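# what follows is a protein structure lacking sequence information:
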């Protein structure tokens, strides 16, 4: 299988400085690209956006991979505590600081 370069989209913090409506719109566009067979690689610090719109997540700490896989397997209370030193609860697939 060959991969044509226009099949890959690299987005670095595409939702920065956007209001919530436009953040959601950008993420929906990226999701639609992926649903249509494209590859969308997105760097985002909003863990809830990552949880909602991603098929796979790579969680990094100081450039090293801490965990990778499905959002619910990667964005765990333990991993978030390890990387961000923040206590959270995950309720209905939504991360809440405690």
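Nice, I can see it. The structure displayed is predicted, hence computed values, not measured ones.

# show me where the chain has strands.
8-12, 39-43, 57-61, 64-69, 88-91, 94-97 (DSSP state E).

# what residues are up against residue 98?
87-89 (CB atoms under 8 Å, 6 or more residues apart in numbering). Any C-beta I mention is one placed from the backbone N, CA and C, and that applies to glycine too.

# let me have the strands of the chain in a markdown table, adding distance to residue 23 as columns.
Output for the strands of the chain, formatted as a markdown table (distance: least, CB to CB, whole Å):
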| stretch | distance to residue 23 |
| --- | --- |
| strand 8-12 | 12 |
| strand 39-43 | 12 |
| strand 57-61 | 17 |
| strand 64-69 | 24 |
| strand 88-91 | 20 |
| strand 94-97 | 15 |
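
# now do the helices in the protein.
Residue ranges of the helices in the chain, as given by DSSP state H, are 20-35, 47-53, 71-74, 77-84.

# mind listing what's buried in the last one?
In terms of neighbour count (16 or more other CB atoms under 10 Å), helix 77-84 has its buried residues at 79-80, 83.

# can you put those residues in TSV and add distance to residue 69 and pLDDT?
TSV is the format used below for the buried residues of helix 77-84 (distance: CB to CB, whole Å; pLDDT from 0 to 100):
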residue	distance to residue 69	pLDDT
79	11	98
80	15	98
83	15	97
